[in-house]
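Chemist: Return a 3D structure for these sequence lines:
(chains A and B)
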There are 2 protein chains.
Amino acid sequence: MNLPRVVRYEDGKLLLLDQTQLPHHERFLCLRRAAEVARAIKLLQVRGAPWIGVAAAYGVAIEAQRLPDDKLISGLTRAAQMLIRARPTAVNLSWAVKRMMSVELRRTLVVEAKTIEQEERARSQAIALKGVKVVPQKAVILTICNTGALAAPGLGTALGVVLQAHQEGKRVEVYACETRPLLQGARLTAFELLRARVPFYLIVDSAAASVIERCDLVLVGADRIAANGDTANKVGTKMLAILAKEAKKPFYVVAPASTFDFQCRTGADIVIEERSGDEVRRFGRCQVAPEPAPVFNPAFDVTPARLITAFITDAGIVKPPFKRNIRRLLFG
Amino acid sequence: MNLPRVVRYEDGKLLLLDQTQLPHHERFLCLRRAAEVARAIKLLQVRGAPWIGVAAAYGVAIEAQRLPDDKLISGLTRAAQMLIRARPTAVNLSWAVKRMMSVELRRTLVVEAKTIEQEERARSQAIALKGVKVVPQKAVILTICNTGALAAPGLGTALGVVLQAHQEGKRVEVYACETRPLLQGARLTAFELLRARVPFYLIVDSAAASVIERCDLVLVGADRIAANGDTANKVGTKMLAILAKEAKKPFYVVAPASTFDFQCRTGADIVIEERSGDEVRRFGRCQVAPEPAPVFNPAFDVTPARLITAFITDAGIVKPPFKRNIRRLLFG
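Modeler: Residues are numbered from 1 along each chain as shown, chains lettered A, B, ... in the order given. Predicted coordinates:
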C-alpha cells in the first residue's frame, strides 16, 4: 500500500511531512533542533499519538547531535521537558521522550529513535491483524479524526484496521467525521481513503447521529487510556460512544498497548489540553465568529469505559471487565 | 432589547438582512421579485423557520405588486411553487405561502404578509413567556444553530427563551454549538449573545458531549414536528438529544404551534433536505477536504419524540404522552 512518508531521519536532520498543509501540498519540514520539533508537535504539523512519540524521539536524537559536549546533559534535559510539554494529553510523547533519556547518548539516541519507529510500525501491523477480526465481510464503519498512516508508523490504528480489512477484500465503507476544529477528518482521513480507494462519505461531526443506525461499528483511536478503561481521545469521541450506545452498535478503541497509563486510575486523572479559541473562531484565513466571542476549546474528551465495547491493541483484544483484563494484558 | 431588523417591507420591495454576511457586515438585500426571495431563502441569506415563512409571504406580496393583471394568477401560482421548493424541510414556509395564496390579491397580500409577521412576533413573545418558566434562576443552557431574533420575528424561539430569562435578571450562561457546516452558531448566535450581553462560550459541535454534564438544560428550535412529536431540526439536534438523555438533562424543543405538521404521522414522513457537499468540503474560500471526497450533507436530522422532555410553544407547554397532548393543544 502506498503510505505517505511522515517522518524521515537524515544525518542530524528530521524531515517531517507538514500535515497542516494537507491535502493541498505535500511539503516537508526540515528540522535541526528539538525546539523546532516541539513547535511542529504543538502546531499539529505532526500528529497522531504514535507519530508524535516517534517525532519527539528523533527530536531528542537530533538535539544530541548538535549540542556541545559540556551542554549535552543539561541541553537534553531541557529539550525533553520542552517536548513533553508540547501536547499534555498524548501519553506516547512522554513515554518516548523518557525512553530516549534513559539510553546511551548521541549515536545510540538515533538508533533508539529508529527502534521506536520500527516498533510502532510492527505494533500497527499487529493491531491491524487483530482488529480486522471484528470487521464483518461487509461493513459500514464510523470514525473520527485521523488514525491512519499519517497518525502512526505503518497502517495506523483505527483507520489501519479499516485499511487492513479493505486490503483483505472485505467490502468496507466509511463515514469519516470531519473533526472540528482542525478538520483532521476532512483534510487527512479523506486524503488517505481516496489514496487507498476505500469508499467513504465525509460528514460534519454532528451528522454522526444521522448515520449511526446505518453503521455496523465505530472505530476510534486513543491518546491515553486510564487503568479502568476511561479513554482520552479527540474531542467528539465521547459523542460517538454515546450515539453508539443509544443505537446499540459496537464501539472499539484501537491503540497500541503503550497507550494504557497506569498513572491514571480513571479518566478524572487525565489532563485535557485546551487549545486557542481562535481555532474555533477562525477557519484558515476566514474569521467565522465575532472576534470577542468567548470560546471553550478542549482538544480531547474522555469516553467513560462503560461505553466501550473492547480495546483492540497489538497485544490482543481486551473485553470487559476492563480493570482486570487491562492489567492481565499488560502484566500477564 | 436591541434586536436586528431582519425583514422590512417597503413599497413593493423587500429589504432582507443578509445573514451570510454576518458577523462581518450588516448588509441589506433589496428584493423585487419572488424569485429573488426564493434564492435568498435557498442561500440561507434569510433563515430560521419563522423568518423564512415571513420572507416567503412578502415574496408572494411583492410578486403580486409587479405582475401584470393577465398573469396575476398564473404568476403567483408559479411564485408560490418556487418559494415552497426553496427549502423542503421547513413547514412554516409552505404554511405561509399557502396562507398567502388563499387571500384576496395585491394590497391584501401586503396586509396579509404584515399580519403574518406581527403574528410571528406575538408568538415569539408568548413562547418566551411560557418558556422562561423552565429556566432556573441560575442556569447553564446548551443550544445549537441560531434561534434568536435573526431566526424569528421578536425574540426568537429557543434563544428567545434565553434572552427573556436574561432580561428578567436570571443568571443564564450559554454553550453555543458552532453548528457545522454553515456555522449559524458561530456567526449568528455569538453575534446576538454578544449584543445582548449574555455570557456564553462558543464550542465545536462535538464538544457538546464534553459540556453536557455541566449544563442544566438543552433548548433547541424546530423546523417541522410530526403528529407523534418526532422533530426535524438542524443537523446535530438529534446528537444533543441523545447526549441529554445519557446525562439525564431536560431537552426542550421550542417552536410556534404552527410547526406541528399533522400531514406527517412520524418523523419517517419528513423529507430531509440534502445540501451540496461543497458546504462540508469548503469553508468560505478555503478548501478543506480533497476536491473528489464524497460527502453526505443532510441539513437536518429527526429527533425521536422519546428523547424530548417537552415542547415549548406559544399555545402552551406540551409534555408526554405527545400524540394525545399535541392533538389536545391544537384542537382543544
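Chemist: how many neighbours does A:Thr77 have?
Modeler: One way to gauge burial is a neighbour count; for A:Thr77, by other Cβ atoms under 10 Å in any protein chain shown, it gives 11. From N, CA and C alone the C-beta is placed, and that goes for glycine too.
Chemist: Could you confirm A:Ile225 falls within a helix?
Modeler: No - counting by DSSP: H, G, I helix; E, B strand; the rest coil, one finds A:Ile225 to be strand, located in no helix.
Chemist: How about the contacts made by it?
Modeler: Applying Cβ atoms under 8 Å, 6 or more residues apart in numbering or on different chains, we find A:Ile225 in contact with A:Thr231, A:Ala232, A:Val253, A:Ala255, A:Thr259, A:Phe260, A:Asp261, A:Phe311, A:Ile326.
Chemist: what's the closest of these to chain B?
Modeler: Sorting the contacts of A:Ile225 by distance to chain B puts A:Ala232 at the head of the list, at 11.1 Å, by Cβ to the nearest Cβ.
Chemist: Near that closest one, how many other residues are there?
Modeler: When neighbours are counted by other Cβ under 10 Å, A:Ala232 comes out with 29.
Chemist: again with A:Pro298
Modeler: 17.
Chemist: next one: the one 4 residues further on
Modeler: By the other Cβ under 10 Å criterion, the neighbourhood of A:Val302 contains 25 residues.
Chemist: Who does it form a beta bridge with?
Modeler: When assigned by DSSP bridges, A:Val302 has beta-bridge partners A:Ala232.
Chemist: from what I can see it touches A:Asp269, true?
Modeler: No - in this structure A:Val302 lies outside contact range of A:Asp269 using Cβ atoms under 8 Å: 9.8 Å.
Chemist: Could you pick out the longest helix of chain A?
Modeler: Longest helix in chain A by number of residues (criterion: DSSP state H): helix A:107-131.
Chemist: Identify the residues contacting it?
Modeler: Outside helix A:107-131, the residues that touch it by Cβ under 8 Å, 6+ apart are A:7, A:9, A:50-51, A:53-54, A:57-58, A:60-61, A:64-65, A:96, A:99-100, A:103, A:152-157, A:160-161, A:163-164, A:219, A:252, A:254-258, A:312-317.
Chemist: Could you pull out the buried residues of that helix?
Modeler: A:109-110, A:112-113, A:116-117, A:119-121, A:123-128, A:130-131 (16 or more other Cβ atoms under 10 Å in any protein chain shown).
Chemist: can you check stretch A:206-219 too?
Modeler: Along stretch A:206-219, the positions that meet the burial threshold by neighbour count (16+ other Cβ under 10 Å) are A:Ser206, A:Ala207, A:Ala208, A:Ala209, A:Ser210, A:Val211, A:Ile212, A:Cys215, A:Asp216, A:Leu217, A:Val218, A:Leu219.
Chemist: Now the fifth one. Nearest residue, chain neighbours left out?
Modeler: Same thing as A:Ser210. Here the nearest residue to A:Ser210 in space, its sequence neighbours aside, is B:Asp301; by Cβ to Cβ, 6 or more residues apart in numbering or on different chains that works out to 4.5 Å.
Chemist: Please give me every residue in contact with that neighbour.
Modeler: With contact set as Cβ under 8 Å, 6+ apart, B:Asp301 has these partners: A:Ala207, A:Ala209, A:Ser210, B:Ala232, B:Asn233, B:Lys234, B:Val235, B:Gly236, B:Thr237, B:Lys238, B:Met239, B:Ile272.
Chemist: How about A:Gln137?
Modeler: The contact partners of A:Gln137, taken as Cβ under 8 Å, 6+ apart, are A:Lys170, A:Arg171.
Chemist: right, and A:Ala158 touches A:Thr231 too?
Modeler: No - distance between A:Ala158 and A:Thr231: 11.9 Å, which falls outside the contact criterion (Cβ under 8 Å).
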